[in-house]
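Student: Predicted model and sequence below, questions to follow.
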Amino acid sequence: MSSSISSPKPVVVIIGAGAFGLSTAYHLLERGYTGVTVLDRAEHLPAVDAASTDMNKVVRSCYGDPEYTRLARQAIEEWRKDMWQNCYHECGVLNLGDAYTEQSFNNDLNDGAKVERLDSPASIRAQFPSDLHNSGRLGTFTSLDISSTSYINHDGGWAEAERAVGLLMEHVKKRGVKVLPNKTVQDLVKDEYGQTKGVRCADGSEYDANVVVLALGSWTAGAFPSLKLTGKCLATGQSIAMIQLTPEEAEEYCKTPVVLDFRTGFYVFPPTHRNVVKFAIHAGGYTYTAPGSTLSTPRTIVSDPESGMWIPRSILKELRVQLRSVYPALAEKPFSGTRMCWYTDSPDGDWVIGRYPGDSGLVLATSGSGHAFKFLPILGKLVADVIEDKLDPKLAARFAVDREMKPPNGERTSVVSQELNINELCGPEDLIPTF
């Protein structure tokens, strides 16, 4: 009788305990890996300043690209499972139209999503609780060009981002993954052939590995300048604001859909369980080049405790204008806070998931480009496929580190980032509306 002995699974060190890193750890566990370690710079996890640990994120399959629609539909099926303990809220996503939403509608429809085309302001307003439009607390939506596509996708909504990341982290830890905070990786350790074989941390500790996965989000390019990732991974800050409602006010808005206006990039959530309404603009965002540096790096509450949460005054004003078009009454309330949420963008908007050219021991899993978190349940499957050389060739070419960058995918109203001027950041006095 012949017998075969399966090869041992590689030892994997993942740098970064965010969406890419933890999802990768989870999917490696699912494939029988036992030697997985996750290292993160943050003193406490989940990191308070990571994009993946924002209070909430949109979960949608509304993409002008059929591949992302297909993957997002898979992710939504996973979000519905018990593992996520109801941190996914399927309230529907209202997509307000332009040419991009026409493509999104067709892709959603072709993939079996429960969608409904909306061809008038009245049909759009009908997606909200009647008490809101009867009381004048809902926008008219008359500025929409009804020749463009607007639609509701009932198979979508939002997830409690910080809680979801925390759930996934505890899940992988219970199954044997070492998740170590306060581990800033300074160097990639190479063998005599120049292949990565481990990492060295700032505290002097070293971790050997067959494969090192860089999943540092917006810190990727700045943490490893020798990799020359400029043009592949750009750290950009996205401007977010919040309003604290009373329990009574939150009750009035709790049955609303996520609203996403592709004409302006503005989006707004229903209230959270803490009665907070969050809203933002999906656009090119801001870079920040610290003195003495040539790379954009995140400027957060950790690096700048006094002003790391503040956003530019001009964006704060624009957020109020856009909020007024959806919820006029809320736009007259004081904002309770702001946050600069740091993404990693690629020029074409596609993820960077693949081996670093010429180094079989180094894998990049980054450049979420503002649309990674919603794929949290399945994102790591793609990275695990790269590690095992199983990724579909078309996807491998699309996400390759050294691919030729295509034009932007059209999802954002602007992909041109501006340099952040810290002298123009808002302060507490700017949160109060002026009439």
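Tutor: Received, thanks.
Student: Within the helices and strands, which one has the residue lying closest to residue 277 once chain neighbours are set aside?
Tutor: Setting aside the residues directly before and after it, residue 277 is nearest to residue 243 in space (C-beta to C-beta, 6 or more residues apart in numbering), at 4.7 Å. Bear in mind the C-beta positions are built from the backbone N, C-alpha and C, glycine included. In this structure, residue 243 is located in strand 234-244 according to DSSP states H and E.
Student: List the residues that contact the residue nearest to residue 277.
Tutor: For residue 243, the set of contacting residues under the criterion of C-beta atoms under 8 Å, 6 or more residues apart in numbering consists of 276, 277, 330, 333, 334, 335, 336.
Student: Now do the least confident helix or strand in the chain by mean pLDDT: everything it contacts.
Tutor: Counting by mean pLDDT, DSSP states H and E, the chain has its least confident helix or strand at helix 130-134, which shows a mean of 87. The list of residues contacting helix 130-134 from outside it, by C-beta under 8 Å, 6+ apart, reads 125, 138, 252, 253, 256, 327.
Student: at 7 Å instead, please
Tutor: In this structure, residues lying in contact with helix 130-134 by C-beta atoms under 7 Å, 6 or more residues apart in numbering are 125, 138, 252.
Student: Break down the stretch 301-435 of the chain into its helices, ranges please.
Tutor: Listed in chain order, the helices of the stretch 301-435 of the chain (DSSP state H, counting those that start in this stretch) span residues 313-326, 328-331, 376-387, 393-399.
Student: Any chance of TSV for those helices, columns mean pLDDT?
Tutor: Putting the helices of the stretch 301-435 of the chain into TSV (pLDDT from 0 to 100) gives the following:
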stretch	mean pLDDT
helix 313-326	96
helix 328-331	96
helix 376-387	98
helix 393-399	97
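Student: Just say which of the ones you listed is most tucked in.
Tutor: The highest mean neighbour count among the helices of the stretch 301-435 of the chain, using mean count of other C-beta atoms under 10 Å, belongs to helix 376-387: a mean of 24.
Student: which strands and helices sit next to it?
Tutor: When contacts are defined as 3 or more C-beta pairs under 7 Å, 6 or more residues apart in numbering; DSSP states H and E, helix 376-387 sits against helix 19-30, helix 66-79, strand 352-356, strand 359-366.
Student: Point out the most buried one among these.
Tutor: Mean neighbour counts were compared across the helices and strands packed on helix 376-387 using mean count of other C-beta under 10 Å; the top stretch is helix 19-30, at a mean of 27.
Student: Packing partners of that one?
Tutor: Packed on helix 19-30, when contacts are counted by 3+ C-beta pairs under 7 Å, 6+ apart, are strand 12-15, strand 36-39, helix 161-174, strand 359-366, helix 376-387.
Student: what pairs with the fourth one, and is each one parallel or antiparallel?
Tutor: Strand pairing for strand 359-366, using DSSP bridges, gives strand 211-214 (parallel), strand 352-356 (antiparallel).
Student: Can you check which of the ones you listed gets nearest to residue 182?
Tutor: Closest to residue 182 of the strands paired with strand 359-366, according to C-beta to C-beta: strand 211-214, at 18.3 Å.
Student: For that closest one, give the mean pLDDT please.
Tutor: Averaging the model's pLDDT scores along strand 211-214 yields 98.
Student: What's the first helix or strand after it?
Tutor: In the C-terminal direction, the helix or strand that comes right after strand 211-214 (DSSP H and E) is helix 220-223.
Student: So which residues make contact with that next one?
Tutor: Among residues not part of helix 220-223, those counted as contacts by C-beta under 7 Å, 6+ apart are 214, 216, 229, 230, 233, 235, 295, 297, 344, 366.
Student: Which of those sits closest to residue 64?
Tutor: Closest to residue 64, out of all of these and judged by C-beta to C-beta, is residue 344, at 20.8 Å.
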